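Student: need the 3D shape of this:
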Amino acid sequence: MVSIGPHVHDEDPVPAAVGTKSHVVQFFLGDPQGWADPKFPGGDAGALRDALAAADVRAFIHAPYRINVASTNNRIRIPSRKLLGQQLAAAASIGAQGLIVHGGHVTADADVSEGYENWAKAVARIDRPVPMLIENTAGGDQAMARGLDGVARLWDAIAGAGGPGEVGFCLDTCHAFASGEELSGIVDRVKAVTGRIDLVHCNNSRDEFGSGRDRHAGMEKGTIDPAVLADLIRAAGSPVICETPDPAADIDWLRAHIAGAS
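Tutor: Here you go, the predicted model:
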């Protein structure tokens, strides 16, 4: 059975999940654009953990967008490592299933190999009390996780890095499509690289194939055939989060088109 739920921005995640009859939800712990320490909805980690458990809702936490452990700039990379560690610890304190983080990038004047090396150092040094799920990205020639070639290079870089805890993968359908990856058969291709898909961000795309633009659309309102998205979810068999303008409508659509989805 595939669990499908919403990404929640500002509202309390538990009522938002319950309101869509979801057993999975994703949210931020604080400002997604900031560098501040993690902040819990409602202000108390224990209360949030208890509320999630009582509602039978599994939580995934999305790390702030500013985190970029690949950066060659010490003033970005070092705070990124610190905040990523804090976010992982905070996610564990509420019983989250994992923390999603973007692959990051290096600037145009840097060698991309330095970014992959920086990722390996981060994996070696950062404790992971919950799985750290690296998400594929839509664009950027200097991005670490754009397209499966980039993901494969990243996985090669971190394979022997060690460090405590798991590293997993979050597949974003819009990002994959925008990066120029055909979605048909992508589940098998991803698993051949990463060995796993822990979470699917099921988002249609406002823009054309290979655009490099990260602009999400509803299931039936984008340029990806929604039947392809449904097939992908069936093949992955992983929990699904909708990060779309109207996630409730898209959750309903997916449940109607995927047997056994909840």
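
Student: drop to CA atoms for contacts and neighbour counts, all remaining ones
Tutor: Fine.

Student: can you give me the buried ones in the longest helix anywhere in the chain?
Tutor: When the chain is scanned for its longest helix (criterion: DSSP state H), the result is helix 74-93. Going by neighbour count (16 or more other Cα atoms under 10 Å), the buried part of helix 74-93 is 77-92.

Student: output the contacting helices and strands for it.
Tutor: When contacts are defined as 3 or more Cα pairs under 8 Å, 6 or more residues apart in numbering; DSSP states H and E, helix 74-93 packs onto helix 45-54, strand 98-102.

Student: center of the protein - which residue?
Tutor: Ile100 (4.0 Å; Cα atoms, centre = their mean).

Student: list the contacts for that residue?
Tutor: 60-63, 132-135, 170 (Cα atoms under 8 Å, 6 or more residues apart in numbering).

Student: same thing but at 10 Å, please
Tutor: Counting by Cα atoms under 10 Å, 6 or more residues apart in numbering, Ile100 touches 26, 28, 60-64, 84, 87-88, 131-135, 168-170, 198-199.

Student: buried subset of the residues you listed, written for PyMOL?
Tutor: In PyMOL, a selection of the buried entries from the contacts of Ile100 looks like this (16+ other Cα under 10 Å):
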select buried, resi 26+28+60+61+62+63+64+84+87+88+131+132+133+134+135+168+169+170+198+199
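
Student: show me where the stretch 51-200 of the chain has helices.
Tutor: For the stretch 51-200 of the chain, the helices defined by DSSP state H, counting those that start in this stretch cover 74-93, 112-125, 147-158, 173-178, 186-194.

Student: picking up where we left off before, beta partners of the residue nearest to the centre of the chain?
Tutor: For Ile100, the beta-bridge partners are His62, Leu133 (DSSP bridges).

Student: Gly160 contacts Leu154, correct?
Tutor: No. In this structure, Gly160 is not within contact of Leu154 by Cα atoms under 10 Å, at 11.3 Å.

Student: ok, these two, which is more surrounded?
Tutor: Taking neighbours as other Cα atoms under 10 Å, Gly160 and Leu154 compare with Leu154 leading, 23 against 11.

Student: quick one on the thing from earlier: Leu229 is nearest to which of the helices of the stretch 51-200 of the chain?
Tutor: Checking the helices of the stretch 51-200 of the chain against Leu229 by Cα to Cα gives helix 173-178 as the closest, at 7.6 Å.

Student: list of residues touching that closest one?
Tutor: 135-139, 145-148, 179, 181-183, 186, 200-217, 222-224, 229, 232-233, 243.

Student: tell me the contacts of the residue of the chain most remote from its centre?
Tutor: Computed with Cα atoms, centre = their mean, the maximum C-alpha offset from the centroid of the chain is found at Asp109, amounting to 27.4 Å. Contacts of Asp109 were listed using Cα under 10 Å, 6+ apart, and they are Gln142.

Student: and the one 10 residues further on, by the same measure?
Tutor: Residues touching Trp119, when contacts are defined by Cα under 10 Å, 6+ apart, comprise 68-71, 77, 81, 103-104, 113, 125, 144, 154-155, 157-158, 161.

Student: out of these, who's the most crowded?
Tutor: Val69 (32 neighbours).

Student: in contact with it, which residues?
Tutor: Per Cα under 10 Å, 6+ apart, neighbours of Val69: 76-84, 101-106, 115-123.

Student: does Gly237 really touch Asp188, like I thought?
Tutor: No. At 11.8 Å, Gly237 and Asp188 do not qualify as touching, with contact defined as Cα under 10 Å.

Student: give the residues shared as contacts by those two.
Tutor: In contact with both Gly237 and Asp188: Ile197, using Cα under 10 Å, 6+ apart.

Student: what lies in contact with stretch 43-60?
Tutor: Stretch 43-60 is contacted from outside by 3, 5, 7, 12-15, 17-18, 21-28, 39-42, 90-100, 130, 133, 199, 239, 241, using Cα under 10 Å, 6+ apart.

Student: no more questions from me, cheers.
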